[in-house]
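# compute the structure for the input listed below.
(chains A, B and C)
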Amino acid sequence: MTRTPDLRSPEHAAGAETRVPGPIVTPVFMALGVVAAVGMAIVAWRFIFGIGSVTALNDGYPWGIWIAFDVVVGTAIACGGYAMAIVVYVFNKGRYHSLVRSAILTAGLGYSLAGFAVVIDLGRFWNMWKLPIYFWNWHLTSILLEVALCIMLYSLVVWIELAPAFLQKAREEGRGRWREIGERWTPRIEKALPWLIALGVLLPTMHQSSLGSLMLLAGPKMHALWFTPFLPLLFLLTAFSIGFAGVVLEATLSSRAFGRQPPTELLRGLAKPTGWVMLAWVAIRLGDLAVSGNLGAVTAFDGMSWLFLFEMALFSVAGVGLLNPRWTRSHRKLVRLSLVAVFAGGLYRISVFLIAYNPGRGYSYFPAVTEILVTAGLVATEVMLFIVLVKTFPILHGEAAAIPRRTSSPSATPQEA
Amino acid sequence: MLDLLARSRSHEYEGIARRDFLKSACLLAAAAVGMPSELAARMVQEVEAGRKPTVIWLSFQECTGCTETLLRTSSPQLDELLLDLINLAYHETLLAAAGHQAEAARMAAIEEYAGEYIMVVDGSIPTADNGIYCMIGGKTALEIIEETAPNAAALIAIGSCSAWGGIPSSPPNPTGAVGLNEIITDRPVVTIPGCPPNPYNFLGTVLQYATLGTLPELDEKGRPTFAYGRTIHEHCPRRAHFDAGRFAQRYGDAGHRLGWCLYELGCKGPSTYANCSVQHFNDVPDAWPIGIGHPCYGCTEEDIAFKVPLHATTEINDPTPPRIFPPITPDRPGISPLATGVAGAVLGGAAGAAIMASNKLSDDDAEADDGSGSARTEG
Amino acid sequence: MTLDRRTMLKTLAAGASAVLASPSAAGASSDPVEAPEDAVGLLFDPTLCIGCQACVHACREVNGVPYDEDDELHYNNTDLSANCRNIIKLYRDDSGEESEVRETYMKMQCMHCIDPACASACMLGSFQKRIGGAITWDPSKCVGCRYCQIACPFGVPQFDWDSPTPNLVKCELCAHRLEDGLEPGCTDVCPREAVIFGRRDDLLAEAHRRIEAEPEKYQNHVYGEFEAGGTQCLYLAPHDITFQDMGLPNLEDRGVPRLPETLQHTIYKGFAAPTLLYAVLGVTIWKNRKENEKADASRDGESGTTSYAERNDGGAS
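You can find the predicted model right below:
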């Protein structure tokens, strides 16, 4: 190729994605570092003294926030990459492409951190390598197996999808061997990209819905208002709603943090599918309850009924709000509605795994302080890695369309995070 | 026999004043049966005043074990009991007289001490064929009871045989052996079952009557509740092993040698009311069946002794589970308030920060904060 | 780019999602699972149990569980745990008059379901039905994910929370003894034969025989005959105490894994749907790129380098 490859590929345009300038270590970064360090210290304690020493998990509630939040909600937030891939590459809405790379980065980080959460949550993690390798032992009825394998493969795919960013840096700034690698591998990866991206759409479709199917096996212990054969569909829908809303939040936050213009117009465009998905979710839940004859539980007005109504209210308000152009015209309202959408979806997923799940025999669960600190540490680590990567590689979109284009020199206007 | 005992006593206690001796004997007797020591003084008074209770002891289908068991006490010793504490007017084993003289002594005592004497019976009473299977001096047991009981102030049946029939009554019970309380049904009969019973159960009852003129509290079978109110199981020294599920499986196995519970060897303790576990025999500690490693065989119980095989396990009467049984839904530690607080703080902080941060965003499309004029409407 | 393709894609996506995510009643996975030929199990008759806990002690011995260091004499377990595979609990209701106290002992251990949820959940097949239908744990295949604990409706599998090398612990019907032709420890030692061992068919027959012989003594139901697709450990109940009082959950007759397995089987049958979806996605994305490159090429000469976003705003596809 004589022209710079990035001009012609649909994945990015020249100079559009740039490295965020400025030092990586800032006060914010250091604060995050403290939180991450505390979390890692507790993780080390877990490996020495066992899971029970740092969590409030018990035999009635063997899964806690490390699974229900770090994995189940965390990967949903990371589904921004999945959602944007569908919008840009399947439905070919190229105008959104500027959001793709950072969404994929969030996906990569989110899934990798979820994977790390799984490793520390697995009691016998030393057998973990057998999962992808010992295919003759695969117990195909296990939904969790499918989830685990899908997530492992998807994590790999996502990082490969990000490769163009790393390769771009290698080409633009690298010397000698790195430059060579960048130039040799870029076209290869770009050729394979459609098939990788297709995988990156297939795999989350499979495992995000299967995350919902997981709790089908706990049927006798699930509350009627949450237990439905539609759980996989409902989880898939929340993967979209949380994913899109997550992109709005992440794009807003990072653009403000790194002194770039937020792509407000594009973000407004994401509101519509989010809204429809959320209203569809409401309709399916209510419809399913009506058909199965469990609507009575809605008006029982006990704790669970109130939780259900609260979820419904959140989803309805966010769904309607996001579909209302008068509201989404305001960036502030858009962001707040997206916050509600993420919170609603997260609350729903946590409800399914931890609140609507009741093992009986007097068991109860609330995460221990150390458990919460580990989660906080993982989130802090994820943010720190995000900062490191966007300041090292050209991932974030440099400017909105109308702002005078900077040169491709990455050191133009030093800005602080 | 009596003169023999008299000689041995005077030889042992040469030089000690009789009154002191009596006092100590009474104290020991009172202590042994759990009576307050001040009653011992009353006992002495009564005895010194010559007001010893008279006892007519009738023996029917018995093995003399119940008499033998009395020989195995040290407080009071039998001779003290017989010579100093009670007036034994008739006893087939211990009476000096024999034959017609003995019977005449009984008839005389019935007249002389009418309304005062205690009638003690050991051995069961045969009822088949008009009671001919036990005859003493030409009279059946039934006839002897008819003669002796009406003038008795109190009736005591000592031993399982007179309490409910004992060994002679084991199936097929050819002699129709029954206990005293089936012969005399219109008056309370104190029963002291056991084969043999612990002598102190008998002594306690007799001495209480002798001192206070009252009988101890009795259960529905006439047994004094101070001795027969609880099952062996309820106050067995090996109970902890039962509760922990540690059982000897065979004589001499490791568990047996470690003193584990004998339930699986057929111990009838759980359904046997008696006090052998707290009041041992022969005044020797651990001289009782379980104490020496043999399961209790329920000798006080009509339903068990000589009917249920020795090594068959028994039902537990009135199981009273110890507190160590967990309930179906156990108590568990609750939710940590600190954790709730921290979680609340984190969530609240995040929400607050998000709202505050979003304040910086523009609220109005006209002042779109991207300053862009190229905002296109979405397709 | 045309409306046609857009509609087609949307329909396909919708259809794919519906297939992937909707419930389906069809499929062989919904057929009930039969008990294995050699199915053995226990029958627990609480009217005979005296709470001696010999079975608890025997279970520890047979499974090599060491004594609790601090508590040689008493087992302070209040429930099944990583060092307690079998426990005797007491149900006691003394809310009424003294003569109306209802109480019974209850033996809790793995139910050895015919259609076990734990085995369905297990990723590498660590929990599986093995000899005699007993469900045993294979440590080499366990990653400690604890999905089995989520799945089990009886709350049986227990985890070693305080160990850095934890096991999943539960009654295994003494499979190691079954292999030697011996009975499980608990049934062997019970002095009142309150818990007995045998082939499941024989135990069921015996249980029903007892109910028939003394109908006023028992509830007219054998728990485990049909619940959760049938279990190999069966229970009788005294006439005045319900199975739920005793801690046995009220379950329907369908095996617990039937619904999720049927759903997954339908969606992923032969992996057809995912493969089809992948093909459609791959082709679509590839075609989109081809068309975009063509469009770029035709515009390239006009305006020089422009951002891709400008070239492809709005009306793209």
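# for the chain, give me the ranges with low pLDDT.
No chain specified, so I'll use chain A. Scanning chain A for pLDDT under 70 picks out the ranges A:1-15, A:398-417.
# that answer is for a different chain, and I need it for chain C
Chain C contains residues with pLDDT under 70 at C:1-28, C:67-76, C:300-317.
# could you list the domains of it?
According to automatic domain parsing, chain C comprises the domains C:5-28+C:267-316, C:36-254.
# now chain B
As recorded under automatic domain parsing, the domains making up chain B are B:2-11+B:52-228, B:230-343.
# so for chain A, which of these sits nearest?
Evaluated with Cβ to the nearest Cβ, the domains of chain B place domain B:230-343 nearest to chain A, the distance being 4.1 Å. In this view, the C-beta of every residue, glycine as well, is placed from N, C-alpha and C.
# is the closest one in proximity to chain A?
Yes. Part of domain B:230-343 sits near chain A under the criterion Cβ under 8 Å from any Cβ of the partner chain, namely B:328-332, B:334-336, B:338-340, B:342-343.
# and those, which are buried?
Buried subset of the residues of domain B:230-343 next to chain A (neighbour count, 16 or more other Cβ atoms under 10 Å in any protein chain shown): B:Ile328, B:Ala339, B:Val342, B:Ala343.
# remind me, longest helix of the chain?
Answering for chain A, as no chain was given. Counting residues, the longest helix in chain A under DSSP state H turns out to be helix A:176-214.
# wrong chain, I was asking about chain C
In chain C, assigned by DSSP H, the helix with the most residues is helix C:272-303.
# any idea how far C:Tyr91 is from C:Glu103?
Computed as Cβ to Cβ, to the nearest Å, the C:Glu103 to C:Tyr91 distance reads 6 Å.
# those two: who's more crowded?
Legend: neighbour count by other Cβ atoms under 10 Å in any protein chain shown for C:Glu103 and C:Tyr91, higher for C:Tyr91 (21 against 18).
# quick check: that one vs chain A, distance?
13 Å (Cβ to the nearest Cβ, to the nearest Å).
# show me the contacts for that residue.
Neighbouring residues of C:Tyr91 by Cβ atoms under 8 Å, 6 or more residues apart in numbering or on different chains: B:Pro327, B:Ile328, C:Arg102, C:Glu103, C:Thr104, C:Tyr105, C:Met106, C:Ile241, C:Asp245, C:Met246, C:Gly247.
# any part of the particular helix or strand that has A:Ser241 in it near chain B?
Per DSSP states H and E, A:Ser241 falls inside helix A:231-257. Yes. Contact of helix A:231-257 with chain B (Cβ under 8 Å from any Cβ) involves A:Thr252, A:Leu253, A:Arg256.
# give me the most central residue, chain C.
C:Ala117 (2.0 Å; Cα atoms, centre = their mean).
# kindly apply the preceding question to chain A instead.
A:Ala78 (1.2 Å).
# surely that one touches A:Thr106?
Yes. Using Cβ atoms under 8 Å, A:Ala78 makes contact with A:Thr106 at a distance of 5.7 Å.
# overlap in contacts, the two.
By Cβ under 8 Å, 6+ apart, A:Ala78 and A:Thr106 have these common neighbours: A:Gly246.
# now for the closest residue to A:Trp138 other than its chain neighbours, how many residues are close by?
When the adjacent residues along the chain are set aside, A:Trp138 lies closest to A:Leu145, with 6.1 Å between them (Cβ to Cβ, 6 or more residues apart in numbering or on different chains). If you count neighbours by other Cβ under 10 Å, A:Leu145 ends up with 22.
# can you state the direction angle for the helix or strand hosting A:Leu145 and helix C:272-303?
Assigned by DSSP H and E, A:Leu145 falls within helix A:143-173. Angle of helix A:143-173 versus helix C:272-303, following axes from the mean of the first three to the mean of the last three Cα atoms, to 10 degrees, is 20 degrees.
# residues contacting B:Thr340?
A:Phe366 are the contacts of B:Thr340 under Cβ under 8 Å, 6+ apart.
# quick one, phi psi at it?
Backbone torsions for B:Thr340, taken as degrees, to the nearest 10, come to phi -60, psi -40.
# that older thread, which residues touch the residue nearest to the centre of chain C?
Contact analysis of C:Ala117 by Cβ under 8 Å, 6+ apart lists A:Leu217, C:Cys148, C:Ala151, C:Cys152, C:Pro153, C:Ala228, C:Gly255, C:Val256, C:Pro257.
# ok, these vs chain B, which is closest?
Nearest to chain B, judged by Cβ to the nearest Cβ, of the contacts of C:Ala117 is C:Pro153 at 15.6 Å.
# helices along the stretch 51-200 of chain C, start to end?
Per DSSP state H, counting those that start in this stretch, the stretch 51-200 of chain C carries helices over the ranges C:54-62, C:117-121, C:147-151, C:175-179, C:185-189, C:200-213.
# can you list contacts of the fourth one?
By Cβ under 8 Å, 6+ apart, the list of residues contacting helix C:175-179 from outside reads C:Val40, C:Val62, C:Arg130, C:Ile131, C:Gly132, C:Ala134, C:Thr136, C:Glu183, C:Pro184, C:Gly185.
# which strand residues bridge the nearest residue to B:Arg223 once chain neighbours are set aside?
Excluding its sequence neighbours, the residue lying closest to B:Arg223 (Cβ to Cβ, 6+ apart) is B:Thr191, at 5.3 Å. Assessed by DSSP bridges, B:Thr191 has beta-bridge partners B:Ala157.
# and B:Thr191, how far from B:Thr231?
Distance of B:Thr191 to B:Thr231, given as Cβ to Cβ: 17 Å.
# looking at the two, which is more packed in?
Neighbour count, other Cβ under 10 Å: between B:Thr191 and B:Thr231, B:Thr191 has more, with 28 against 24.
# residue contacts, that one?
Counted by Cβ under 8 Å, 6+ apart, B:Thr191 has contacts B:Ile156, B:Ala157, B:Ser162, B:Ala163, B:Trp164, B:Gly179, B:Leu180, B:Asn181, B:Lys221, B:Gly222, B:Arg223.
# return the residues in contact with the fifth one.
What it means is B:Trp164. Contacts of B:Trp164 by Cβ under 8 Å, 6+ apart are B:Val178, B:Gly179, B:Asn181, B:Thr191, B:Pro193, B:Lys221, B:Glu302.
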